[in-house]
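Enquirer: sequence first, predicted model second:
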Amino acid sequence: MARRMIMMEYDNLNDELLSVTDTSLKYAKALDSSAEFEIFIHYESSSEAEIDQGVVTAKDGVVAGNAVRAAKGQRVGFACASGIDLDRVKLSTREALSIINTISVEDDRFKGFCEPRKPGREGVFTKEILELGTDDLIEHSLQMVEEARETDPKAKIVNAGCSASWGGIALGNTLGIQAASRTGMNSCYVYVIAMDGEERKSSFDFDVSRERLFETAGLGERAAKDAVRLLGAKKIDTTAKMPTIWTPKASAPYVLSSIGKSVTGQPVVEGISPLCDMLGDTIASSGLTIVDDGQNPKGLGTHAVDGEGHPQQRNVIVDKGVLKSFLFDSYYGRAFNVESTGNCSRGGGPFGGPTPYESSPSVSTKWLEIEQGKKGIDDLVAEVDGKGVMIMDMPLGIFHTNVSTGEFSVVANSVLLIENGEIKGSLEPVSIAGQFYEGFKNLLHIGSDVTLTPYGAQAPSLLFDDFSVTG
């Protein structure tokens, strides 16, 4: 019986959220017919479990909240509250209206809320995820820990965790939008520290999906082997510009923190991004194609509508090295004299954070995809002439990229040395620095090992030339 109730709740979620939205809009119109209103409703049910050095923790619960924007002319007020019952939405509505009735500041760029469009499609979702409880998540976490420990006695510290979530959003405004969309996903990870004497090296592995249950088998073994492989690290004996291979765990955040930031609304409209006047220009190697696909059925960021009710869509950002488009919501799209691309976000980033209703709308990618190449990882290694390095995990500082200059400097803790097309062993942490606009032009090869990551992108390994590597 409990399972059926959960299934019914997911099946009816859109209708339930839209009912709240419709009733709230009627209240808002009755409150002040001269104002325009936008209502955002968020609901998410989640369960998670974690084993941290033997300590087991688990929790489940629901995060629900609402946000209301009210506008008169170019005066805009924003208010939010936890909870999605009518009284809580009424509270936000009154507060948003009070703001515009007491301020005189106008936003010259504001030209109204999003106009009605036909919604896009929801992503696929397996209802098996609804059946995952904390007991299941603990059991899967234990399996990953045991597998890692059994793989190698040098795998001394093993942490693991699993999570499952589902929920939805609903949008409504006084221009006629009333749309809702559901989503869900489950994920697991394992983090291993291998020790030999006083040397410590770490690695992690993961699986994430919305179309199937996560697969924990093999993750602990791979993470343990990778961590042990990094033991015996040596200092790099040179400081120079050299080829660098960024495996998918590193390349996905690299693209998100560079192109993923420099093509979005605010830096483009305000001229901060050097790409703002480069539509139609070649900005990267001819092998590079990047798509932000908010309608990929398997993409973790796929919704029928974005954070203001515009349909999410597939946007080609870079096509064979040529810059094709930027990403906008209605606000920045109108400021740039183009339509929204369906990239309005709440809370920042493709997944919006734990309480997205607390943030006013912004612009972000939905699901970045880097088109795969034809070379396997061994082929990429073989392409390195002289010395180079392979970055195995996400480097520290990657999301501190400077959009206006493109300059970055990161620390890679999990690194392998390459010499003349062969892996020679592991290295102590290295600093890697460069300029990502130049980096894309110096992209030598793209791997065939496309990996779906939990960061908001799926990416293959990338081989760059001429980044500075320092021990």
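Expert: Yep, that arrived.

Enquirer: CA only for contacts and neighbour counts going forward, please
Expert: OK.

Enquirer: in space, what's closest to Pro429 - neighbours in sequence excluded?
Expert: Spatial nearest neighbour of Pro429, chain neighbours left out: Asn413 (4.4 Å); criterion: C-alpha to C-alpha, 6 or more residues apart in numbering.

Enquirer: assess the claim that that neighbour and Gly397 are in contact.
Expert: No. Using C-alpha atoms under 8 Å, Asn413 is not in contact with Gly397, being 11.5 Å away.

Enquirer: neighbour-wise, which of those two wins?
Expert: Taking other C-alpha atoms under 10 Å, Asn413 and Gly397 do not tie; Asn413 has more neighbours (22 against 12).

Enquirer: and Ser262, how close does it get to Ser45?
Expert: 33 Å (C-alpha to C-alpha, to the nearest Å).

Enquirer: those two: who's more crowded?
Expert: Legend: neighbour count by other C-alpha under 10 Å for Ser262 and Ser45, higher for Ser262 (25 against 17).

Enquirer: quick one: contacts for the more buried one?
Expert: Val268, Ser273, Pro274, Leu275, Val403 (C-alpha atoms under 8 Å, 6 or more residues apart in numbering).

Enquirer: which of those residues fall within helices?
Expert: Filtering the contacts of Ser262 for membership in helices, criterion DSSP state H, returns Val268.

Enquirer: any chance of the contacts of Ser262 in JSON lines, plus distance to Gln458 and pLDDT?
Expert: Shown next, in JSON lines, are the contacts of Ser262 (distance: C-alpha to C-alpha, whole Å; pLDDT from 0 to 100):
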{"residue": "Val268", "distance to Gln458": "24", "pLDDT": "98"}
{"residue": "Ser273", "distance to Gln458": "24", "pLDDT": "97"}
{"residue": "Pro274", "distance to Gln458": "25", "pLDDT": "95"}
{"residue": "Leu275", "distance to Gln458": "23", "pLDDT": "97"}
{"residue": "Val403", "distance to Gln458": "21", "pLDDT": "93"}
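
Enquirer: quick one: Glu339 is in a helix?
Expert: No. Counting by DSSP: H, G, I helix; E, B strand; the rest coil, one finds Glu339 to be coil, located in no helix.

Enquirer: since we're on Asp277, how many residues are nearby?
Expert: 10.

Enquirer: separation between it and Gly439?
Expert: 19 Å.

Enquirer: circling back: just curious, which of the contacts of Ser262 is nearest to Ile290?
Expert: Relative to Ile290, the closest of those is Leu275; by C-alpha to C-alpha it sits at 14.8 Å.

Enquirer: could I get the contacting residues of that closest one?
Expert: Ser262, Val263, Val268.

Enquirer: mind checking how far it is from Asp281?
Expert: Leu275 is 9 Å from Asp281, by C-alpha to C-alpha.

Enquirer: which residues in the stretch 351-471 of the chain form strands?
Expert: Ranges of strands within the stretch 351-471 of the chain are 362-363, 368-370, 387-391, 407-412, 415-419, 422-427, 430-435, 443-446, 451-452, 457-459, 462-470, based on DSSP state E, counting those that start in this stretch.

Enquirer: how about the strands in the stretch 101-250 of the chain?
Expert: Going by DSSP E, counting those that start in this stretch, the stretch 101-250 of the chain shows strands at 155-173, 178-196, 199-209, 240-246.

Enquirer: CSV for those, including mean neighbour count, mean pLDDT and distance to Val291?
Expert: CSV is the format used below for these (neighbours: other C-alpha atoms under 10 Å; pLDDT from 0 to 100; distance: least, C-alpha to C-alpha, whole Å):
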stretch, mean neighbour count, mean pLDDT, distance to Val291
strand 155-173, 25, 97, 24
strand 178-196, 24, 98, 21
strand 199-209, 21, 97, 19
strand 240-246, 22, 97, 19
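
Enquirer: can I get the ones you listed in JSON lines including distance to Leu452?
Expert: Putting the strands of the stretch 101-250 of the chain into JSON lines (distance: least, C-alpha to C-alpha, whole Å) gives the following:
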{"stretch": "strand 155-173", "distance to Leu452": "16"}
{"stretch": "strand 178-196", "distance to Leu452": "11"}
{"stretch": "strand 199-209", "distance to Leu452": "7"}
{"stretch": "strand 240-246", "distance to Leu452": "15"}
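
Enquirer: nearest to Thr102 among the contacts of Leu275?
Expert: For the contacts of Leu275, the nearest to Thr102 is Val268 (31.9 Å; C-alpha to C-alpha).

Enquirer: residues in contact with the nearest residue to that closest one once chain neighbours are set aside?
Expert: Take Val268 and drop its neighbours on the chain: the residue closest to it by C-alpha to C-alpha, 6+ apart is Cys276, 4.9 Å away. Contact analysis of Cys276 by C-alpha under 8 Å, 6+ apart lists Val263, Pro267, Val268, Val269.
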